[in-house]
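Asker: Provided below for reference: sequence and predicted model.
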Amino acid sequence: MSKNLQNGGRLKAFSYVVADKAAQYRAVMGAFVEAKTRFSLHMRPADILAAVEPDTLLEPLDEPSLAPLLEQLCEWGNLQAFQDTADVATVEEFYRPRFIYQLTAEGEGAERAIGVYWDIIHKPGELQAAALGDILAAA
C-alpha cells in the first residue's frame with residue numbers, strides 16, 4: 001500500500017480538511033501555496049504566522065499552537081521539516097530543535113484540488129444564453 005494512503009484507502013494528504021482545527025490547517029497550507037507562487041520554497045514558523053490571514057481563523061494562531069499543526073501536517077505528508085541551523089550563534093541554539101518547512105508534492109496537490117473544489121461550488125450556477133443554442137443543437 002502506498003505510504004500516502006491511510007487505512008480504508010483514504011489519502012492522508014487530505015486529512016487536514018476534516019480534522020479538528022481544519023481552518024487553521026487550511027490557513028497554513030494556503031500560506032505555503034501562496035509562498036510557492038513567489039518562489040519561496042521554505043518557511044520558518046515566524047514566516048508562516050506572518051503569512052496567515054487572521055480573519056480566516058476561528059481562533060488566534062501563535063507559535064505554540066502552530067507547532068503541533070506543522071508536526072501533524074508533516075505526519076500526513078503535506079509538509080516536510082528540515083533542521084534549521086541558520087543564524088545559530090551558540091552550541092545551545094544549535095542543539096535546540098528548530099525547523100524550516102517545505103510543501104510536498106502531495107500537500108500542494110491536495111491544497112490545489114481543494115481550491116478548485118471551492119471555486120467550482122462557489123461559482124454562480126447561471127446558464128449562459130449562448131449555451132442554450134448549443135444545447136438545442138445537440139438535442
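Answerer: Right, received. Where do you want to start?
Asker: can you pull out the low-pLDDT segments for this structure?
Answerer: 1-10, 125-139 (pLDDT under 70).
Asker: where do the helices of this protein begin and end?
Answerer: 22-37, 45-51, 63-76, 91-95, 105-121, 129-138 (DSSP state H).
Asker: list the buried residues in the longest one.
Answerer: By neighbour count, with 16 or more other C-beta atoms under 10 Å as the criterion, the buried positions of helix 105-121 are 106-111, 114. Where C-beta positions appear, they are placed from N, C-alpha and C, glycine not excepted.
Asker: contacts for stretch 94-105, please.
Answerer: Here stretch 94-105 makes contact (C-beta atoms under 8 Å, 6 or more residues apart in numbering) with 13, 29, 32-33, 35-36, 41-45, 48, 70, 74, 77-86, 88, 111.
Asker: one more time with 10 Å
Answerer: 4, 13, 28-29, 31-33, 35-36, 40-45, 47-48, 67, 70-71, 73-74, 76-88, 90, 107, 109-111 (C-beta atoms under 10 Å, 6 or more residues apart in numbering).
Asker: then stretch 28-38?
Answerer: Identification of contacts with stretch 28-38 by C-beta under 10 Å, 6+ apart yields 13, 16-17, 21, 40-43, 45, 47-53, 56-57, 61, 66, 69-70, 73, 78-79, 101-104, 107-108, 110-112, 114-115.
Asker: give me the distance from that stretch to the chain's centre.
Answerer: Its chain's C-alpha centre and that of stretch 28-38 lie 7 Å apart, by C-alpha atoms, centre = their mean, to the nearest Å.
Asker: try stretch 81-91
Answerer: Taking mean C-alpha positions (C-alpha atoms, centre = their mean), stretch 81-91 and its chain are 24 Å apart.
Asker: burial count for Ala27?
Answerer: Using other C-beta atoms under 10 Å, Ala27 is surrounded by 21 other residues.
Asker: quick check: it touching Ala51?
Answerer: Yes: at 8.8 Å, Ala27 counts as touching Ala51 under the criterion of C-beta atoms under 10 Å.
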